[in-house]
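1. how would this look folded up:
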Amino acid sequence: MWDQVYNPLGNATLSTLAAAVPVVTLLVLIASGKVKAHIAAIIALIVANIVTIAIYHMPAGMSVRASLLGVVVGFFPIGWIVLNVIFLYRITVETGRFELLKRAIGGVTNDRRLQLLLIAFAFGAFFEGASGFGTPVAITGAVLIGLGFSPLAASGLSLIANTAPVAYGALGTPIQGLASVTGLDPYILGAMVGRQLPLFSLIVPFWVVWAFAGWKGMKDVWPAILVTGVSFAIPQFVISNYINPWIVDIGASLISMGCLILFLKVWQPRELWLSPALRGKDESAATMTTPKPMDKTPLTQSELWSALLPWIIVCVVMLIWGNGGFKTWANASFVWKYQVPDLHNLINKVPPVAAKPTPEAALFDFTYLSFTGTGMLIAAIISGFLMSFSPARMIAEYGRTIKLCAISLITISAMLAIGTLTRLSGVDATLGLAFAATGVLYPFFGTLLGWLGVALTGSDTASNVLFGNLQKITSEQLGLSPILMAAANSSGGVMGKMIDAQSIVVASTATNWYGHEGSILRYVFLHSIVLACLVGGLVTLQAYVYPFTLMVLQ
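-> Just a heads-up that it's a prediction; the model follows:
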């Protein structure tokens, strides 16, 4: 057995700085724009191993095994999702169905600000609720680039929009993960998150349009933005507080899409915003080719269903794949469990991060049928057959997709390796304890701890599992509500989703803007920080000024 050490240098400040070295290395290399993302990830992984072995005294064999486990986990399930989403997208392009989809969306609105609301926010929230794990950014990024948005706009705005729904993603998986490590009721945790995020579900649609079109561009379509935000925020609150935390995103997104589409039948902006690029400087605009004029002939009923068919199939399959009953059945038969030798249950998480010494599992559950990416592959194959795509053409297209995504898959795997290694070594916990030492300011910094967790791991679920119990223990010591701070970990975490390295690679892959991950990171970073601080401010108000918001219904 090896016990994690959270202050290896005997000085909290020095240990925190040492713990930050791997992630700072990764972010600085990517943001510099001078190092390709996959090279940056590999260098940061090497640095992480040096830190864990030389400073944290983690046995070298364990460090290497943890890294290899992360590499595999990076491909299954994250890389597997990206690969098959891009495969589906390429099939729709090859069959001409994507051109029909563009015309269908144009039939709702040609205004790019309103397209952002419909696709990046509402449609993306549905896929976050149904499957999560990178799916919404992959799909909305691909759709937006197909609609003619600039690569930076399609990438960055998809990332910003995919925030408020994340806490309830994949049918409430982050909430379930939080409940599992804290011992708190998932219904109460879901309700508490539902008293934090609806405000941001109202803010984020305004924020996305402002980031794209500026203040005046946002002001000119404020009625549509308000309809989108309110019709998402109210159902998000009601479902999370009075029904359950599992169907929040699906219910809220469908209501929001329906309300926006109906509203646009009776209201349209006076002037259409047709520019595909971000306001101000958009370095990606120069890489765009002049699009051919879009056919504005109204779609027939048959063409409309033909355009929507692949996405309807995806929605149906994702709802099935996200269902707990299906996962239970699939995982009972179609699974291969691999316990990593000389690593599984041989590392102890110890106080104060855990209430008592707790072995860390090092398992690779190859639940190959229930993977979201497998569902996406099946949806793509079904769609291909229904669109008269022959098996031979599908195989050839899949080969081209693998070639297209190869570098991105390497990058994602290396980044997940860093996340897995820092979690198993206790490096992440050292950073978490630094936030926990902030005393009366803990409601603010504890929220940012959730943000940090997602930025490091790429997953709100992983952040909740990593820091959930620490939030509970620290809040009890400070006389704060453990329900509030556990929920704040998840709510703050959603704002870290846009800057985690794997999400940025997913976005660059979906938009065919390879090698520009640094540009995407630089664009979204400030948005992420500011929004996370706003969530922290709200949680602080709940803790000290408006404690009545903590009255969670039993």
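2. Break down the stretch 51-200 of the chain into its helices, ranges please.
-> Counting by DSSP state H, counting those that start in this stretch, the stretch 51-200 of the chain has helices at residues 60-73, 80-94, 97-108, 112-116, 124-130, 135-146, 151-161, 169-182, 186-193, 197-219.
3. helices or strands next to the longest one in the packing?
-> Applying 3 or more CB pairs under 8 Å, 6 or more residues apart in numbering; DSSP states H and E, we find helix 197-219 packed against helix 112-116, helix 151-161, helix 222-242, helix 517-544. For every residue, glycine as well, the C-beta is placed using N, CA and C.
4. residues in contact with that helix?
-> For helix 197-219, contacts defined as CB atoms under 8 Å, 6 or more residues apart in numbering pick out 112-113, 116-117, 120-121, 153, 156-157, 160-161, 163-165, 167, 221-222, 225, 228-230, 232-234, 236-237, 252, 273, 275, 278-280, 491, 494, 527, 531, 534-535, 538.
5. same deal with stretch 22-31?
-> Residues outside stretch 22-31 that contact it (CB under 8 Å, 6+ apart): 35, 37, 39-41, 43-45, 47-48, 51, 415, 418, 422, 427, 455-456, 501, 504, 517-518, 521-522, 525.
6. Just the buried residues from these, in PyMOL please.
-> This is how PyMOL selects the buried members of these, with burial counted by 16 or more other CB atoms under 10 Å:
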select buried, resi 35+37+40+41+43+44+45+47+48+51+415+418+422+427+455+456+501+504+517+518+521+522
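7. so where do the helices sit in the stretch 451-554 of the chain?
-> Remark: helices assigned in the stretch 451-554 of the chain by DSSP H, counting those that start in this stretch are 460-478, 482-493, 501-510, 517-544.
8. could these go into a markdown table alongside distance to Trp329 and mean pLDDT?
-> Output for the helices of the stretch 451-554 of the chain, formatted as a markdown table (distance: least, CB to CB, whole Å; pLDDT from 0 to 100):
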| stretch | distance to Trp329 | mean pLDDT |
| --- | --- | --- |
| helix 460-478 | 22 | 84 |
| helix 482-493 | 28 | 95 |
| helix 501-510 | 29 | 87 |
| helix 517-544 | 37 | 95 |
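9. Please name the residues that touch Tyr382.
-> I think there's a mix-up here, since residue 382 is Ile and not Tyr. Counting by CB under 8 Å, 6+ apart, Ile382 has contacts 313, 317.
10. same thing but at 10 Å, please
-> Neighbouring residues of Ile382 by CB atoms under 10 Å, 6 or more residues apart in numbering: 309-310, 313-314, 316-317.
11. Lowest-confidence one in those?
-> Checked by pLDDT, the contacts of Ile382 have Val314 as the lowest-scoring entry (85).
12. check contacts around that residue.
-> Per CB under 10 Å, 6+ apart, neighbours of Val314: 85, 88, 126-127, 130-131, 135, 139, 375-376, 378-380, 382-383.
13. Repeat the analysis, applying 7 Å as the threshold.
-> 88, 376, 379 (CB atoms under 7 Å, 6 or more residues apart in numbering).
14. so which of the residues you listed comes closest to Gly432?
-> Taking CB to CB as the measure, Gly432 sits nearest to Met376 out of the contacts of Val314, at 33.2 Å.
15. hang on, isn't the closest one packed against Tyr89?
-> No. The criterion here is CB atoms under 7 Å, and Met376 misses it with Tyr89 at 10.4 Å.
16. Thanks a lot, see you next time.
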